[in-house]
Every structure is written in structure tokens, then in C-alpha cells.
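> Have a look at this fold, sequence not included:
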């Protein structure tokens, strides 16, 4: 077990589509202290979103920092991830299909260099926290928006820490 937890959440153009927004949080496992954050949206992905994403996700993403392309999003997230991978266990919440597809796209961008740099193992919050609870509500944190990648990562991290402290 590593001293920190790295947890990330992605928003994709559709259930099996491309990630266009990602949020990540690195926290100290013992204290729960927030050590670092990442949040970014790729403008290129916005016109590719299906109707469900347009109605349920995009309204929550009006204040995110942006980049132009999804490749730039993947590269910048990968750089952030590399800074923390040695000191953190890597978690997603219900990792398939969105987050695992995102990680696969990152690896495919430069497979010779990235093939053995990707999260192994990739832990899943849902293995510790029931699938059907409202994580935003259960987190006990106020002001979080559902379908906002950093807020979703914060909610999942809070639920995961609550589980570990039981």
C-alpha cells in the first residue's frame, strides 16, 4: 500500500466515447489531506457529445480550464499522473468503460514509451463502496456537482476514505 491515493474521473462524449474532461485528486491516505489536483476540458470534444451528455454533463462544466485537443488533455493528464504514480495507489470509480478507455487511449498515443507506465493495478472504488449510493450525498461534502470530474473524484475519495476508516 502506497502512502497516497490518486483518484480520477472522466467525462466522455458518450458511454463508450472519447474522454473530453478529466479531474484527479491526490490525497494522503492517513490524513485525507488534499495534496494535488488536476482538472481540464478539451474543447475539441464538446461538439462530439451525445444528447445525454449535452443535457446531463455539459451544464456542470462551464468553469473548467480548457485545452484545444483531446490528445493535449491525455498528455497533460499523463504528465500529472507520472508525478504521482510512485507514491499513490491509482483509483477510478466504476472504471469501465470510460476511465479504462481513457487510459487505453493515453497508452496508444505513444505505446512504446507508455505501455509499461500505465496504472497497474488500477483499483476501483466500487470494490469498497456500494455502487448505487449517491456519492455526492454520501461524501458529506457541500457544493459538489454531479458529472463534474473533479467533484466526482472528490466525492468518491471521501466515500473511499470513509470505508477505510471503518
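Structure received. None of the values given here were measured: they were computed from a predicted structure. Residues are numbered from 1 along each chain as shown.
> What average pLDDT does stretch 17-24 get?
Across stretch 17-24, the average pLDDT comes to 98.
> what sits up against it?
Contact with stretch 17-24 is made by 6-13, 37-42, 44-46, 48-50, 53, 61, 64, 70, 73-74, 77, 80-81, 98, 101-102, 105, 148-153, as judged by Cβ atoms under 8 Å, 6 or more residues apart in numbering. Where you see a C-beta, it was placed from the backbone N, CA and C, and this is true even at glycine.
> just stretch 81-98 next, same as before
For stretch 81-98, the surrounding residues in contact (Cβ under 8 Å, 6+ apart) are 1-12, 15-16, 19, 24, 26, 29, 36, 99-100, 117, 119, 121-126, 129, 131, 135, 152-153, 156-157, 160.
> Measure how buried the closest residue to residue 124 other than its chain neighbours is and give me the count.
Setting aside the residues directly before and after it, residue 124 is nearest to residue 95 in space (Cβ to Cβ, 6 or more residues apart in numbering), at 4.9 Å. Using other Cβ atoms under 10 Å, residue 95 has 23 neighbouring residues.
> by contact count, what packs against the worst-scoring helix or strand of the chain on mean pLDDT?
Ranked by mean pLDDT, DSSP states H and E, the weakest helix or strand in the chain is helix 135-139, scoring a mean of 94. Here helix 135-139 touches helix 149-164, going by 3 or more Cβ pairs under 8 Å, 6 or more residues apart in numbering; DSSP states H and E.
> Contacts only, for residue 49.
13-14, 17, 20, 57-58.
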